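[1] attaching a predicted model along with its sequence, questions to come.
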Amino acid sequence: MNVDKQRTISKPVCIEGIGLHTGKPVRMEFLPAASASGIVFVRTDVDGCPEIAARLENVVSTNRGTVLKQQNAQVHTVEHVLAALSGCGIDNLLIKLSNEEPPAGDGSSQYFVNLIEQAGICQQDQERIDCRCSEMFSLVENEKSMVYLPSDRFEVSYLLEYGNNIIPPQQIHVVIDEEVFKSRVGKARTFGFEHEFEMLKANNLARGGSLENAVVIDNSGKICNPEGLREQYELILHKILDLVGDFSLIGHRVRGHIVAERTGHNFNVKFARLLKEKFNQFQQRKDSNMMYIEEIKTILPHRYPFLLVDRIISIVPGESIIGIKNVTANEEFFNGHFPGKPVMPGVLMVEAMAQVAGVLFLSQPEHKGKTPFFCGIDKVRFRRPVVPGDRLEFHIKVLKVRGSTGKVEAEARVDGELVTGGELMFQLV
């Protein structure tokens, strides 16, 4: 099955249960949906059966769960259902609910994964659009933080830590694909502390909660459930499950490395909004300006092992350009620079910046077929070593052009940090 195509389920399926927070009985039905329709909830118990799209703009509350509202209807605690759909690669689905909250199941996403597997998965004609960005960015609030790093996979590094140390601090890194979600992340149950239950119920929360659908921790840090944890990292994996569910509200499959510390639904949604904003900006640049290696080779005369730019992600003709070099352990120059401690030679970083500048000028019709030569290098400084695994991002800005000669300002960054930069002079012959 082509994973780059959108997917829905093959046939309708349904289950019944009670809501985790409302404690109300509910019937939930999954139905196939058309391409590009996304995930949509329908409240069959409300006049007119209003639809509620699973989108960030419809989030109205994140208190102990993510709540969506559209028109005159709400749906509560959607994150476990949405995580299951995202983890199983379902892009389009109609979810009918006879009440305001999906059934709790066992407090994980496994309940819904089983339902999806029962229905079967159907590939659709329309292609997916992945949510990815080319630059690192972050969000910090007090002790909570989240960082986005470019990656071709959806991976999460998470730190779980509470100030009272009832739960010992934990860290984990997982690459979230369908297999890992089903075998680990999706099986992790929601959890709470025994001393919080009375407060939650006083606020009309956790009214359907029990040891059958939540992991309960007493004041000494002991697990109250007779069966204990499903695995050592179940608690931190559930935090990642919540993140997956909340991020699905972006409306696209995420590709990137998320580094998160002490986050919850409110922070997840804030960061998802930031990620969507950055993605939209990236799409605008990509749609008009992206160049891949095949096109770069038609512009630059350089070839292996001296072609030092892998992709162009943004270009404003005659003004600026942004290019990328992925530094791998297989680079030819690491054989001698230095054995046992590989460091990218500074002169090659300068050459790579010059090649990106070359793409900027040689892509213009009047310079097609010319060869760029260095005339001078000024103000170049090397601020830290570049090593295997780094992703160099080159930012070039035109300072002056006169005929076939010119000057550019060049910077090379790794994860947003400046590693080298200076001014380059050149001539096109």
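    All right, it came through fine.
[2] against which helices or strands is the helix or strand hosting residue 14 packed?
    Under the criterion DSSP states H and E, the helix or strand holding residue 14 is strand 13-18. Applying 3 or more C-beta pairs under 8 Å, 6 or more residues apart in numbering; DSSP states H and E, we find strand 13-18 packed against strand 25-32, helix 110-119. The C-beta positions use only the backbone N, C-alpha and C, and glycine is treated the same way.
[3] could you pull out the strands for the stretch 1-150 of the chain?
    5-9, 13-18, 25-32, 39-43, 51-53, 59-61, 67-70, 73-75, 93-97, 121-127, 137-141, 144-149 (DSSP state E, counting those that start in this stretch).
[4] my guess is residue 315 contacts residue 359. True?
    Yes - between residue 315 and residue 359 there is a contact under C-beta atoms under 8 Å: 7.5 Å.
[5] may I see the buried residues of the longest helix seen in the chain?
    In terms of residue count, the longest helix belonging to the chain (DSSP state H) is helix 265-289. When burial is assessed from 16 or more other C-beta atoms under 10 Å, helix 265-289 yields the following buried residues: 265-273, 275-276, 278-279, 282-283.
[6] buried residues in stretch 171-186?
    Buried residues in stretch 171-186 (16+ other C-beta under 10 Å): 172, 174, 176, 180-182, 184-186.
[7] one step back: common neighbours of residue 315 and residue 359, please.
    Common contact partners of residue 315 and residue 359 (C-beta atoms under 8 Å, 6 or more residues apart in numbering): 291, 321.
[8] what stretches of the protein score poorly on pLDDT?
    The chain contains residues with pLDDT under 70 at 1-3, 198, 200-206, 284-289.
[9] domain-wise, how is this structure divided?
    As assigned by automatic domain parsing, the chain contains the domains 5-286, 290-428.
[10] next one: the longest one to chain centre, how far?
    On the basis of C-alpha atoms, centre = their mean, to the nearest Å, the separation between the geometric centre of domain 5-286 and that of its chain is 14 Å.
[11] over to stretch 291-304?
    With C-alpha atoms, centre = their mean, you get 29 Å for stretch 291-304.
[12] cool, and stretch 355-368?
    On C-alpha atoms, centre = their mean, the centre of stretch 355-368 falls 33 Å from the chain's centre.
[13] one step back: which pair of the buried residues of stretch 171-186 spans the longest distance?
    In the buried residues of stretch 171-186, two members sit farther apart than any others by C-beta to C-beta. They are 172 and 182, at 17.2 Å.
[14] which stretches of the chain form helices?
    Taking DSSP H as the criterion, the chain carries its helices at 79-87, 110-119, 178-183, 197-202, 234-247, 265-289, 293-299, 346-362.
[15] closest one of the buried residues of helix 265-289 to residue 24?
    Closest to residue 24, out of all of the buried residues of helix 265-289 and judged by C-beta to C-beta, is residue 265, at 20.4 Å.
[16] surely the closest one and residue 246 touch.
    Yes - using C-beta under 8 Å, residue 265 is in contact with residue 246, at 6.0 Å.
[17] between these two, what contacts are shared?
    66, 79.
[18] okay, the helices of the chain in a markdown table with distance to residue 151 next?
    Shown next, in a markdown table, are those (distance: least, C-beta to C-beta, whole Å):
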| stretch | distance to residue 151 |
| --- | --- |
| helix 79-87 | 16 |
| helix 110-119 | 24 |
| helix 178-183 | 15 |
| helix 197-202 | 36 |
| helix 234-247 | 14 |
| helix 265-289 | 13 |
| helix 293-299 | 19 |
| helix 346-362 | 21 |
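[19] picking that back up, and the strands of the stretch 1-150 of the chain as JSON lines, adding mean neighbour count and distance to residue 416?
    Formatted as JSON lines, the strands of the stretch 1-150 of the chain follow (neighbours: other C-beta atoms under 10 Å; distance: least, C-beta to C-beta, whole Å):
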{"stretch": "strand 5-9", "mean neighbour count": "22", "distance to residue 416": "33"}
{"stretch": "strand 13-18", "mean neighbour count": "16", "distance to residue 416": "45"}
{"stretch": "strand 25-32", "mean neighbour count": "18", "distance to residue 416": "41"}
{"stretch": "strand 39-43", "mean neighbour count": "22", "distance to residue 416": "33"}
{"stretch": "strand 51-53", "mean neighbour count": "17", "distance to residue 416": "33"}
{"stretch": "strand 59-61", "mean neighbour count": "15", "distance to residue 416": "28"}
{"stretch": "strand 67-70", "mean neighbour count": "19", "distance to residue 416": "33"}
{"stretch": "strand 73-75", "mean neighbour count": "21", "distance to residue 416": "38"}
{"stretch": "strand 93-97", "mean neighbour count": "22", "distance to residue 416": "37"}
{"stretch": "strand 121-127", "mean neighbour count": "13", "distance to residue 416": "30"}
{"stretch": "strand 137-141", "mean neighbour count": "14", "distance to residue 416": "8"}
{"stretch": "strand 144-149", "mean neighbour count": "20", "distance to residue 416": "10"}
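[20] the longest helix of the chain - contacts with which helices or strands?
    So helix 265-289, by 3+ C-beta pairs under 8 Å, 6+ apart, packs with strand 137-141, strand 144-149, helix 234-247, strand 311-316.
[21] so which of the ones you listed is nearest residue 99?
    It's helix 234-247; of these, that one is closest to residue 99 (C-beta to C-beta) at 19.3 Å.
[22] dump the residue contacts of the nearest residue to residue 334 once chain neighbours are set aside.
    Of all residues beyond its chain neighbours, the one nearest residue 334 is residue 342 (4.0 Å), with distances taken as C-beta to C-beta, 6 or more residues apart in numbering. Residue 342 is in contact with 329, 331, 334, 387-388, counting by C-beta under 8 Å, 6+ apart.
[23] buried subset of these?
    331, 334.
[24] export the contacts of residue 342 as CSV, with columns for distance to residue 91.
    What follows is the contacts of residue 342, written out as CSV (distance: C-beta to C-beta, whole Å):
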residue, distance to residue 91
329, 36
331, 38
334, 41
387, 38
388, 36
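[25] greatest separation within the contacts of residue 342: which pair is it?
    Applying C-beta to C-beta across the contacts of residue 342, the maximum distance is between 331 and 387, 10.4 Å.
[26] any residues in contact with both of these two?
    342, 344.
[27] stretch 24-38 spans what distance, first to last residue?
    Chord length of stretch 24-38, first to last residue, is 26 Å (C-alpha to C-alpha, to the nearest Å).
[28] who touches it?
    6, 8-19, 39-40, 53-55, 91-103, 115-116, 119, 122, 124-126, 208, 251.
[29] picking up where we left off before, please identify the most buried of the domains of the chain.
    Sort the domains of the chain by mean neighbour count, taking mean count of other C-beta atoms under 10 Å, and domain 5-286 sits at the top with a mean of 18.
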